[in-house]
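# got a predicted model here, sequence first, then my questions.
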Amino acid sequence: MPSPKKLLRLYEILLLCQEHRHWWPAKTPFEVCVGAILTQNCAWQNVVRAIAALKQNKLMSINSLSKADPEIIAGLIRPTGYFRQKTERLLNFVQMIKRHYKGNLNAFFARPTYVAREELLSIKGIGKETCDSMLLYAGGHPIFVVDAYTIRILSRHEVVAPDADYDEVQEFFHSKLKPDAGLFNDFHAQLVGVGAKWCRRKQPLCGQCPVTTWRKKKPVISD
DNA sequence: GACCAGGCACATC
DNA sequence: GATGTGCATGGT
């Protein structure tokens, strides 16, 4: 298991290759939340289209979205796939914020991290990754987001086991790093950045990947 | 035409 | 609790 120092070194190298990514690519916290649901098992470029369509139809707000016809929403988010499920998930989310926080997203994110997390996870259609993306990128809570790229990259470097699950990997980051939302934000963004470019599902890490290049020089495994 | 993309819920064993 | 399956579009 690498030390906190090595994990930070990995981050520094990613940062040198890509610079700060200023994530999440959204204008408002609510847009982050919508994007987090829409990006489930789908390429980001399709999410961009769906978000543009929602904005064009003035549905990028808790109030308007919650009142919209599900058929209309489904039609607008169609490019992201699973559009019926995602429509239901978006509505489940906005209805919870309306019911419990009078539609005030800031009030929701003002809750303690664990309270907000439990509340999000209780919503049908919001799993751990979607929930943690919202907490970190929309709410500024210091919680590490684990996604397919994170597990793929770290397991290929034998930093975590290939079959490591979400909780294990998240706990790994939390145990090695200080709870710093800014660091967690960009670290995860860096991993997704190299992941989307170089780390496809069934392919080995290629030599162009900055993380691979780093490992060739100095293995991260054990210390 | 096969495979993949920044998941999740549910059924089955 | 682990594993398999449905959900669905768009790009390569």
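Yep, that arrived. Numbering: from 1, shown residues only, chains lettered A, B, ... in the order given.

# which stretches of chain A aren't confidently modelled?
A:1, A:215-223 (pLDDT under 70).

# tell me the domain ranges of it?
A:4-22+A:145-217, A:29-138 (automatic domain parsing).

# format these as CSV; extra columns: mean neighbour count and distance to DNA strand B.
All C-beta atoms are positioned from the backbone trio N, CA, C, and that covers glycine. Output for the domains of chain A, formatted as CSV (neighbours: other Cβ atoms under 10 Å; distance: least, Cβ to the nearest atom of the strand, whole Å):
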stretch, mean neighbour count, distance to DNA strand B
domain A:4-22+A:145-217, 16, 4
domain A:29-138, 18, 2
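
# what ranges does chain A have for its strands?
In chain A, no strands are defined using DSSP state E.

# quick check: the residue lying closest to residue A:78 once chain neighbours are set aside vs DNA strand C, distance?
Residue nearest to residue A:78 in three dimensions, not counting chain neighbours: residue A:50, with 7.5 Å by Cβ to Cβ, 6 or more residues apart in numbering. Per Cβ to the nearest atom of the strand, to the nearest Å, residue A:50 is found 9 Å from DNA strand C.

# one more: residue A:40?
To DNA strand C, residue A:40 is 8 Å away according to Cβ to the nearest atom of the strand.

# then residue A:5?
For residue A:5, the distance to DNA strand C - Cβ to the nearest atom of the strand - is 31 Å.

# quick one, what contacts that residue?
By Cβ atoms under 8 Å, 6 or more residues apart in numbering, no residues touch residue A:5.

# who's in contact with the residue in chain A that DNA strand C sits nearest to?
Residue nearest to DNA strand C within chain A: residue A:81 (2.4 Å; Cβ to the nearest atom of the strand). The contact partners of residue A:81, taken as Cβ under 8 Å, 6+ apart, are A:41, A:42, A:46.

# mind checking how far stretch A:11-19 is from the chain centre?
Remark: stretch A:11-19 is offset 19 Å from the chain centroid, using Cα atoms, centre = their mean, to the nearest Å.

# same check on stretch A:58-70?
23 Å.

# then stretch A:133-147?
Counting by Cα atoms, centre = their mean, stretch A:133-147 is centred 7 Å from the centre of its parent chain.

# now the residue nearest the centre of chain A: how far from residue A:87?
With distances taken as Cα atoms, centre = their mean, residue A:133 lies nearest the centre of chain A, 3.9 Å away. Distance from residue A:133 to residue A:87, counting by Cβ to Cβ, to the nearest Å: 19 Å.

# likewise residue A:183?
Plainly put, residue A:183 is 35 Å away from residue A:87 if you go by Cβ to Cβ.

# sorry, back to before: the residue nearest to the centre of chain A: what's it in contact with?
A:24, A:32, A:36, A:145.

# mind listing what the first one touches?
By Cβ under 8 Å, 6+ apart, the contact set of residue A:24 is A:32, A:35, A:133, A:137, A:138, A:189.

# can you list those residues in a markdown table and add distance to DNA strand C?
Formatted as a markdown table, these follow (distance: Cβ to the nearest atom of the strand, whole Å):
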| residue | distance to DNA strand C |
| --- | --- |
| A:32 | 21 |
| A:35 | 16 |
| A:133 | 18 |
| A:137 | 22 |
| A:138 | 23 |
| A:189 | 21 |
